[in-house]
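**Student:** After the sequence you'll find the predicted model.
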Amino acid sequence: MSNFNTNYTVIAIVDGDGLIIQNKFSAELIEIRLLGIDAPEIKWCKKLKKDEQITRLAGAFLIKLGLLSKRFLQKVLKVGSKVSIKQEKNNTIDKYGRTLAYVILPSGKSLNELMIREGYAKPLIDFECSELANYQKFNTFARQGRKGLYTLARRF
């Protein structure tokens, strides 16, 4: 890990793998993409079309799963909560300019890991991160235990 930064407040939950935080001191707003995980999309886009082809699930159903993922994230992490972020040296920004990070909850737990353990996100396998092997293991347990989105689908 390269950076461990504290003093952030959650401003908004974007979707099941994204949020907006604000630096307490500078007031800078930062869009965070949870590093190493992928939740279903919540609106029609190019990635949703790709996900339809890969999963062979209807886009409308994938959007329903995406909204359930976002709802779970909203229950776990309320707007106004204080969080910390950790970044990896070579994985700091995605192709859309969002900050890639592990979000650490006030309890000290990783939000990224929690989303996978509870079955509301899956590992992002086409993008390397230091937690990928762990995320794959946790995802297998979530799928086998039919947790979260796996209560409705065998894959997403």
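**Tutor:** Received it, and whenever you're ready, just let me know what you need. As the structure is a computational prediction, the values presented were derived from the model and not from experiment.
**Student:** list the contacts for the residue minimising distance to the centre of the chain?
**Tutor:** Centroid check for the chain by Cα atoms, centre = their mean gives Asp17 as the closest residue, at 2.6 Å. For Asp17, the contacting residues are Arg33, Leu34, Ile37, Asp38, Ala39, Ser69, Met115, Ala121, by Cβ atoms under 8 Å, 6 or more residues apart in numbering. Bear in mind the C-beta positions are built from the backbone N, C-alpha and C, glycine included.
**Student:** Looking at those residues, which two lie furthest apart in space?
**Tutor:** Arg33 and Ser69 (14.0 Å; Cβ to Cβ).
**Student:** More neighbours: which of those two?
**Tutor:** Ser69 (28 against 21; other Cβ atoms under 10 Å).
**Student:** Let's see which of the contacts of Asp17 end up in helices.
**Tutor:** Using DSSP state H, the subset of those located in helices is Ser69, Met115.
**Student:** List only buried entries from the contacts of Asp17.
**Tutor:** Among the contacts of Asp17, those classed as buried by 16 or more other Cβ atoms under 10 Å are Arg33, Leu34, Ile37, Asp38, Ala39, Ser69, Met115, Ala121.
**Student:** where are the low-confidence patches of the protein?
**Tutor:** 1-3 (pLDDT under 70).
**Student:** Please, where are all the strands along it?
**Tutor:** In the chain, the strands defined using DSSP state E lie at 3-15, 18-23, 29-34, 37-38, 82-87, 99-104, 122-123.
**Student:** Please name whichever of those is nearest to Ala60.
**Tutor:** strand 3-15 (16.1 Å).
**Student:** related to what we said a few turns ago, is it possible to get CSV of the contacts of Asp17 that adds distance to Ser130?
**Tutor:** Output for the contacts of Asp17, formatted as CSV (distance: Cβ to Cβ, whole Å):
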residue, distance to Ser130
Arg33, 16
Leu34, 14
Ile37, 13
Asp38, 16
Ala39, 20
Ser69, 23
Met115, 17
Ala121, 17
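**Student:** Nearest to Asp94 among the contacts of Asp17?
**Tutor:** Arg33 (5.3 Å).
**Student:** If you drop the residues flanking it in sequence, what lies closest to that closest one?
**Tutor:** Arg98 (4.1 Å; Cβ to Cβ, 6 or more residues apart in numbering).
**Student:** if we can go back for a sec, what's the most buried one of the strands of the chain?
**Tutor:** Mean neighbour counts were taken over those using mean count of other Cβ atoms under 10 Å, and the top value, a mean of 26, falls to strand 37-38.
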